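Q: next one to model:
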Amino acid sequence: MQMKLLPSPEQAAALEATLRACNRVAAHVSRTAFETGVTDRNGLQKLVYADIKATFGLSAQPAVRVVKKVVDAYGALAASLKAGRLGAPGARRYRKAIGSPVTFRPDAAQPFDDRCLSWQMDARTVSIWTVDGRMRGIRYTGSPDQLKTLAEYRKGESDLVQRDGKWFLIATCDIPDPEVYEPADWIGVDRGIVNLATTSDGTNHQGRRLNRYRRWQARKRAELQARQSRSATRRLARRAKKEHRHATHVNHRISKEIVSVAQRTGRGIAVEQLDGIRDRVRLRRDQRGTLSTWPFHQLGQHLAYKARRAGVPFVEVDPAYTSQRCPRCGHTERANRPERHRFSCRRCGLAGPADHVAGVNVRNRARSAWVFVTAPVPAPA
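A: Numbering: from 1, shown residues only. Okay, here's the model as predicted:
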């Protein structure tokens, strides 16, 4: 849960000094971990704990949190290397990642546990450890739903974040999942490039406005890249963040609407399992940028967690031939889709929008998959 802090100028200065001090220590601990090869928490803490307190003057608990932050960073790096997200072992990105210590920005987020940070829910203030001492009475704000969730379910550590001159606390909330109901039917969701999401009900979540926005962003990006200046690079970074926020907002809005319809009608949500879509599909040259710049997987993640929070059944089904299979007669053939937007069965003549037909096929597969998942397990003989 992201809560916005409203510090005074003096409080903001103390928070900024705290972030910079903690990240200086994190950089030192990271160098030690890289040079010694010790990346487990207990071993690394034994190596650096006394030095952190003596040289950098951090209190005991903040020093422990900094060590844990470094250990988590090396754990994330190891997971990325193992998953191949940085290329093969001989790749340039792979060699660069393992050839130097993990670095931390001066304003990188810093975790705080309940010994370093306390919440006063009634007063809507926090008390937090800083390098200038305990800072009390820092106000925070949020929507009514956020404040209610924070008060009821906050648990564990919180991260102090500075973003564009604003301060936030990212609080961990442990929210229990409601019981999933038995669905009366399913809403099949087909995700695509031209139409972000098309449901089996025929609802198409796309529009000319969004297409124009994406094309405009691509033109501006190309213009800035052609300049090859430092200011253009900085503007590109700001524009990338803005475009990412816009994409996240659109995915949130689409997923919220689909989950709301499913909950209101007592149905479940079914999507295609799109793992590795960028490796499977072959696109025209003008479509490659669209595929690379839109977070399709994020839409599925939003659907999954919003459905879980609402108690709506959610399943992923096999995506094979959903756009080529006729939902009425079952005939599957590439020629059933003569054009990108149109489906026309060569056997029975069923015709309609291709994405809508794919959504219906996803819905039909969810019906079979749910029966299999919920079937009782036979008792052993």
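
Q: roughly how far apart are the residue most central in space within the chain and Lys242?
A: With distances taken as Cα atoms, centre = their mean, Gln298 lies nearest the centre of the chain, 6.1 Å away. According to Cβ to Cβ, to the nearest Å, Gln298 stands 16 Å off from Lys242. C-beta: built from backbone N, CA, C; applies to glycine.

Q: repeat for Gly99
A: Look at Gly99 and Lys242: by Cβ to Cβ, they are 33 Å apart.

Q: picking up where we left off before, the residue nearest to the centre of the chain reaches Ala247, doesn't it?
A: Yes - under the criterion of Cβ atoms under 8 Å, Gln298 makes contact with Ala247 at 7.5 Å.

Q: one step back: quick one: the residue nearest to the centre of the chain from Leu196, how far?
A: For Gln298 relative to Leu196 (Cβ to Cβ), the value is 11 Å.

Q: which residues are common contacts for those two?
A: Contact criterion Cβ atoms under 8 Å, 6 or more residues apart in numbering; residues bridging Gln298 and Leu196 by contacting each: Asn251.

Q: what does Val317 show for phi and psi?
A: Val317 adopts backbone torsions of phi -120, psi 170, taken as degrees, to the nearest 10.

Q: kindly report the same for the one 4 residues further on.
A: Note on Tyr321: its backbone torsions stand at phi 60, psi 20 [degrees, to the nearest 10].

Q: and Ala184, by the same measure?
A: phi -70, psi -30.

Q: now do it against Asp107, distance only.
A: In terms of Cβ to Cβ, Ala184 sits 50 Å off from Asp107.

Q: higher neighbour count, the two?
A: Asp107 (14 against 9; other Cβ atoms under 10 Å).

Q: for this structure, which helix or strand comes out least confident on mean pLDDT?
A: Within the chain, no helix or strand scores below helix 277-280, which has a mean of 51 by mean pLDDT, DSSP states H and E.

Q: can you give me the helices for this structure?
A: Here the chain has its helices, by DSSP state H, at 9-36, 41-51, 60-83, 92-98, 144-153, 208-227, 230-265, 277-280, 285-293, 296-310, 354-374.

Q: show me what the longest one is packed against.
A: If contacts are counted by 3 or more Cβ pairs under 8 Å, 6 or more residues apart in numbering; DSSP states H and E, helix 230-265 sits against strand 186-191, strand 197-199, strand 204-205, helix 208-227, strand 268-272, helix 296-310.

Q: domain map for this structure?
A: 1-176, 186-374 (automatic domain parsing).

Q: weakest of those domains in terms of mean pLDDT?
A: Of all the domains of the chain, mean pLDDT reaches its minimum on domain 186-374 (a mean of 85).

Q: how distant is that one from the center of its chain?
A: Put simply, domain 186-374 sits 16 Å off its chain's centre (Cα atoms, centre = their mean, to the nearest Å).

Q: quick check, Ile128 in contact with Phe112.
A: Yes - under the criterion of Cβ under 8 Å, Ile128 makes contact with Phe112 at 6.4 Å.

Q: gap between Ala88 and Trp129?
A: Ala88 is 43 Å from Trp129, by Cβ to Cβ.

Q: then Ser260?
A: Distance, Ser260 to Trp129, using Cβ to Cβ: 41 Å.

Q: swap in Asp40?
A: In terms of Cβ to Cβ, Asp40 sits 26 Å off from Trp129.

Q: out of those two, which sits in the more crowded spot?
A: The neighbour count for Asp40 versus Trp129, taken as other Cβ under 10 Å, is higher for Trp129 (20 against 12).

Q: the spatially closest residue to the more buried one that is not a sequence neighbour: what's it in contact with?
A: Among residues not flanking Trp129 along the chain, Cys116 sits closest, at 4.3 Å (Cβ to Cβ, 6 or more residues apart in numbering). Neighbouring residues of Cys116 by Cβ under 8 Å, 6+ apart: Gln61, Pro62, Arg65, Ile128, Trp129.

Q: still on that earlier bit, may I see the helices and strands packed on helix 230-265 arranged in TSV, with distance to Ala358 as well?
A: Converted to TSV, these look like this (distance: least, Cβ to Cβ, whole Å):
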stretch	distance to Ala358
strand 186-191	4
strand 197-199	7
strand 204-205	12
helix 208-227	20
strand 268-272	8
helix 296-310	14
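
Q: ok, the closest residue to Ala60 other than its chain neighbours - contacts?
A: Spatial nearest neighbour of Ala60, excluding adjacent residues (Cβ to Cβ, 6+ apart): Lys53 at 7.2 Å. If you count contacts by Cβ under 8 Å, 6+ apart, Lys53 has them with Ser59, Ala60, Ala63.

Q: count of neighbours near the residue lying closest to the last one once chain neighbours are set aside?
A: Looking back up the chat, that one is Ala63. Sequence neighbours aside, Ile52 is the residue nearest to Ala63 in space, at 4.5 Å (criterion: Cβ to Cβ, 6+ apart). As a burial measure, Ile52 scores 23 neighbours (other Cβ under 10 Å).

Q: one more: Thr149?
A: Number of residues near Thr149 (other Cβ under 10 Å) recorded here: 16.

Q: surely it meets Ile175?
A: Yes - contact criterion Cβ under 8 Å: Thr149 and Ile175 qualify, at 6.9 Å.

Q: now the residue lying closest to Val357 once chain neighbours are set aside, which residues is it bridged with?
A: Spatial nearest neighbour of Val357, chain neighbours left out: Phe343 (4.3 Å); criterion: Cβ to Cβ, 6+ apart. Phe343 has these beta-bridge partners by DSSP bridges: Gly352.
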